[in-house]
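Student: just the structure for this:
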Amino acid sequence: MKGQITDVQPLSMRTIYTPLHGSFSVVIDGGGSLTQFYYTNANQYIPNRATTPMRLCAKLYISDPDKIIPSGDKSSALALTWYENTENTPISSSTPGYTVNADGTLTVAKNVPVDSPIQVVCRASYTDTRTGLPIIYQATVSLNTIQKSDEKVTLFLNRPTKFTYNPLTDSNLIDIKASLKWGEKNVPAGNAAFWWYKVSNGVEQLIDSSELNIEYVSGQETATLRLDADNIDKTIIRCRGAYYTGAKPSNPDDKVFAETAIVWKMPPVTAQAFCPNGTAIRKDMTTMSYHVRIFYNGKEVAKGDIAKYFFVKCFKKSSAAGSSATEVGHGTEVTLSVSELKMIGGQQMMVFPVVYAHGPYEVITNKEGEPLRDKNNEILIGY
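Tutor: The predicted model follows:
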């Protein structure tokens, strides 16, 4: 055969890997505490980090669902960068009070003032050897000092330093209560003043009824702050206080504060497609309707809460070997024609949902961090 020209069109192929499961944290090498105590009478820090430095190290544990990368501790494969309070302040060995060691650990050799807690931020890069691409992790630890003296005013919160909000089991309205003590005595309500802040990247912002504070419900300048936890994720809440006997002060005592962190966390869930008419297709039927049911810890999510917390997609898939799933709709209900479900040769069609947790709501911003607004100049809120 002569004169024939074949035009070859190459087919591009790419390999897709399941994302790695990673747990990243910053810990104290050898154990210890991130909190120091300052004794005013003795003018002494315990522990004194100027003489007994503390070493922070980053820990990363990886699990590969595809079982290509061995699971376990990958801390030695990290490229680390350390920052003080914000990523605008990188830490190097020339930064006073710090030493970045050859193994990437950070030695802290300075004492933290009572009124100036420090956020140490660690940013880590791990190279996924399956793709050659970096994965970025970040963790923050708080260094603080508690003043100790008989006359000291101390502020307490009714919440631990960190607690979890489960949107499926907990009330979204969270109350954080503060109280003051003068030495060992409780300060009367008429002599205690409180101010509430949220802390982001080490920067305090007063929580009030501003439209940007979508988590705020009530309680600023009172002993009880009420927040809407559906609008909160990994948020540090700091309360500052002041003890007074005359006129109420306009500003808090910088040395009197306490804080807690709220973490929004959805529990593991399972989803099922339920058909009220059963699973058999009868000859007089033209459609089949499916309802999505979601369960957690043996309990069912109320139908009215599904759209609030989840986005649901429905798929169908043949039992035939090599078949792939096809999306057929979204929401808590989907109706399919019988012609879409009928199979031959003893094969069956499966209908199943896939659910995605929304996550907490937040103000939608542009790349400059400015809030976006609708035509009525209302701030846009999403998840």
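Student: just the strands in the stretch 1-150 of the chain please.
Tutor: All strands of the stretch 1-150 of the chain, identified by DSSP state E, counting those that start in this stretch, fall at 21-28, 35-39, 44-46, 54-63, 72-73, 79-84, 98-100, 106-108, 118-128, 133-148.
Student: sorry, wrong one. I was asking about the stretch 201-350 of the chain.
Tutor: Under DSSP E, counting those that start in this stretch, the stretch 201-350 of the chain gives strands at 203-206, 216-218, 224-228, 235-243, 257-264, 270-274, 287-296, 299-300, 310-318, 326-330, 333-337, 349-357.
Student: out of those, which comes closest to Thr86?
Tutor: Relative to Thr86, the nearest member of these by C-beta to C-beta is strand 203-206, separated by 7.3 Å. All C-beta spots, glycine's among them, are computed from the backbone N, C-alpha and C.
Student: most packed of the strands of the stretch 1-150 of the chain?
Tutor: Highest mean neighbour count among the strands of the stretch 1-150 of the chain (mean count of other C-beta atoms under 10 Å): strand 106-108, with a mean of 21.
Student: which other helices and strands contact that strand?
Tutor: Applying 3 or more C-beta pairs under 8 Å, 6 or more residues apart in numbering; DSSP states H and E, we find strand 106-108 packed against strand 54-63, strand 98-100, strand 118-128.
Student: parallel or antiparallel, list what pairs with the first one.
Tutor: Sheet neighbours of strand 54-63, with direction, are listed as strand 21-28 (antiparallel), strand 72-73 (antiparallel), strand 106-108 (antiparallel) (DSSP bridges).
Student: of these, which is nearest Thr287?
Tutor: Nearest of the strands paired with strand 54-63 (C-beta to C-beta): strand 21-28, 40.1 Å.
Student: who does Thr178 form a beta bridge with?
Tutor: Slight slip there: residue 178 is Ala, not Thr. Leu157.
Student: burial count for it?
Tutor: As a burial measure, Ala178 scores 23 neighbours (other C-beta atoms under 10 Å).
Student: repeat that for Gln348.
Tutor: A count of nearby residues for Gln348, using other C-beta under 10 Å, gives 11.
Student: so who does the closest residue to it other than its chain neighbours touch?
Tutor: Spatial nearest neighbour of Gln348, excluding adjacent residues (C-beta to C-beta, 6 or more residues apart in numbering): Ser319 at 4.6 Å. Ser319 makes contacts with Met343, Gln347, Gln348, Met349, Met350, as judged by C-beta atoms under 8 Å, 6 or more residues apart in numbering.
Student: which one of these is nearest Leu106?
Tutor: Nearest to Leu106 among the contacts of Ser319, with distances taken as C-beta to C-beta, is Met350, at 52.0 Å.
Student: give me the distance between that closest one and Gln272.
Tutor: Separation of Met350 from Gln272 (C-beta to C-beta, to the nearest Å) stands at 12 Å.
Student: list residues touching both of these two?
Tutor: Common contacts of Met350 and Gln272 (C-beta under 8 Å, 6+ apart): none found.
Student: can I get the helices and strands packed on strand 106-108 in CSV including mean pLDDT and distance to Gly329?
Tutor: Formatted as CSV, the helices and strands packed on strand 106-108 follow (pLDDT from 0 to 100; distance: least, C-beta to C-beta, whole Å):
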stretch, mean pLDDT, distance to Gly329
strand 54-63, 93, 33
strand 98-100, 94, 54
strand 118-128, 93, 34
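Student: mean confidence for stretch 169-183?
Tutor: Averaging pLDDT along stretch 169-183 yields 90.
Student: begin at 59, not 1, for the rest of this chat.
Tutor: Got it, first residue is 59 now, which makes that one stretch 227-241.
Student: now what about it, what contacts it?
Tutor: Contacts of stretch 227-241 (C-beta under 8 Å, 6+ apart): 208-217, 223, 244-245, 249-250, 252, 254, 275, 277, 281-288, 290, 295, 297, 299, 301, 314, 316, 318, 320, 325.
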